[in-house]
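**Q** Take a look and give me a structure for this.
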Amino acid sequence: MKKGTYQLHDEANFNFQLNRTLMWGDGDLEEIRTIASRINTTEDWVREMSSLAKEAEAEKQIPKAIGYYRMAEFFEADGTPEKTRLYSKSKSLFYDYHKTIFEQEIRRDEVDYENGKLPVWICLPEQQIKDTVIIHGGNDSYMEEFLPVVQRLVSEGIAVYIFDGPGQGGALRESGIYYTYEWETPIKAILDAYHLENVTLIGLSLGGMLAPRAAAFESRIKRVVAWGIMPSFYDVILTKVPQELRMLMDAEEKEKVNELVQKKMEVDPLVKWAMQHGMFSMNVETPYDYIKKAQHFEMESIGSQITQDFLLLGSNEDHFIPVELYKRVIDALPNVKSLTYKMYTKKDHAENHCNFGNTELVLSDIIHWILWAGSK
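**A** Got it, this is the predicted structure:
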């Protein structure tokens, strides 16, 4: 796994996503530096990343092409034919390139859910199973991004079940299954389908709220890893918009909220992407409806029901989640069996969102904690 964080763009989210492309998308540093200077809008991003993808594919550099197509799709507007094309291209290249892995090491499966399917990977270690882990991502995840994570866990004797849940990856793009805050429902579907007991649940980013939420209602989960500080998705969203918006939301001024957000979207690429993607993944038509729905995505009101061993992982320069929110998560967990908390910094090369600059370090800490908690 690659290590390091780089200053590639002045806009925080573009900088993060470029680092993400480098660290988790097999991107090339010099290629990414070159296009970074040409990116000012999400449309610029799609054009430049698509160009890199086509070049990499033509040169038979398929791992890079997979990552570049995936990240070109990231900022393409939801609901467009080009979004679908880029998603399908990245996914088909991924499974063609990793064909042997999915014939010999990882089984692809699906679990019935609502009117569609939740895609699942099952990866079991050859040796004795030390623990069983369920993994899911967050607001913008695709499980194909997690292949190195899965392989690292399995190398330590940990069985892994990873899935795209409602609002994520293939569940959203292929089955039209939209986000739900009641994450215990898809988790129950996975646990039931594979007759799992005594598991560790790991959720990243928004998953750092969804996984604890599921644990509050599901006793078969014995250990929880919140890989990201997320007491309230609503409050995180409101940190990126004017303070006036909170007052307008409290007053239910729908038209004024939509007008204010639209103005912010025109000048802030992060807000533009977040609102467009959020409206699509939650199946609503306006920013107001999206923000209103996000109010349900919180774990504080049910935190007292969480009784498992709990690992909370943060990053002190997260461009998306204010670092001070960690205290609200800790304060919401009075009845956990044990609580372990770690804040990663620039010294760790893991100060960014979900610690993408040093995934190996974070995984090593997670594995150590899982084996410790499971042995008690």
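**Q** ok, which stretches of the chain are strands?
**A** 106-113, 116-123, 131-136, 158-163, 199-204, 221-227, 309-315, 338-344 (DSSP state E).
**Q** How about residues contacting the fifth one?
**A** For strand 199-204, the external contacting residues (CB atoms under 8 Å, 6 or more residues apart in numbering) are 131-138, 141, 187, 191, 209-212, 214-215, 220-228, 354, 366, 370, 373-374. C-beta: built from backbone N, CA, C; applies to glycine.
**Q** avg pLDDT for that strand?
**A** Averaged over strand 199-204, pLDDT sits at 98.
**Q** thinking again about what came up before, can I get the buried part of the contacts of strand 199-204 as one ChimeraX selection?
**A** Filtering the contacts of strand 199-204 down to the buried ones (16 or more other CB atoms under 10 Å) takes a single ChimeraX command:
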select :131,132,133,134,135,136,137,138,141,187,191,209,210,211,212,214,215,220,221,222,223,224,225,226,227,228,354,366,370,373,374
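**Q** thinking again about what came up before, the strands of the chain: which one's closest to residue 296?
**A** strand 199-204 (16.3 Å; CB to CB).
**Q** Could you export the strands of the chain as JSON lines, including distance to residue 323?
**A** Output for those, formatted as JSON lines (distance: least, CB to CB, whole Å):
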{"stretch": "strand 106-113", "distance to residue 323": "35"}
{"stretch": "strand 116-123", "distance to residue 323": "32"}
{"stretch": "strand 131-136", "distance to residue 323": "23"}
{"stretch": "strand 158-163", "distance to residue 323": "28"}
{"stretch": "strand 199-204", "distance to residue 323": "17"}
{"stretch": "strand 221-227", "distance to residue 323": "14"}
{"stretch": "strand 309-315", "distance to residue 323": "7"}
{"stretch": "strand 338-344", "distance to residue 323": "7"}
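**Q** who's sitting farthest from the centroid in the protein?
**A** Relative to the centre of the chain, the most outlying C-alpha is that of residue 251, 31.3 Å out, by CA atoms, centre = their mean.
**Q** between the strands of the chain, which one is nearest to residue 19?
**A** Ranking these by proximity to residue 19 (CB to CB) places strand 309-315 first, at 12.2 Å.
**Q** neighbouring contacts of the closest one?
**A** Strand 309-315 has contacts (CB under 8 Å, 6+ apart) with 208, 212, 222-229, 323, 326, 329-330, 333, 336-345, 350-355, 362, 365-366, 369, 373, 376.
**Q** at 7 Å what do you get?
**A** Strand 309-315 is contacted from outside by 222-229, 323, 326, 329, 333, 336-344, 350-353, 355, 362, 366, 369, 373, using CB atoms under 7 Å, 6 or more residues apart in numbering.
**Q** Tell me what angle it forms with strand 221-227.
**A** Per axes from the mean of the first three to the mean of the last three CA atoms, to 10 degrees, the angle that strand 309-315 makes with strand 221-227 is 10 degrees.
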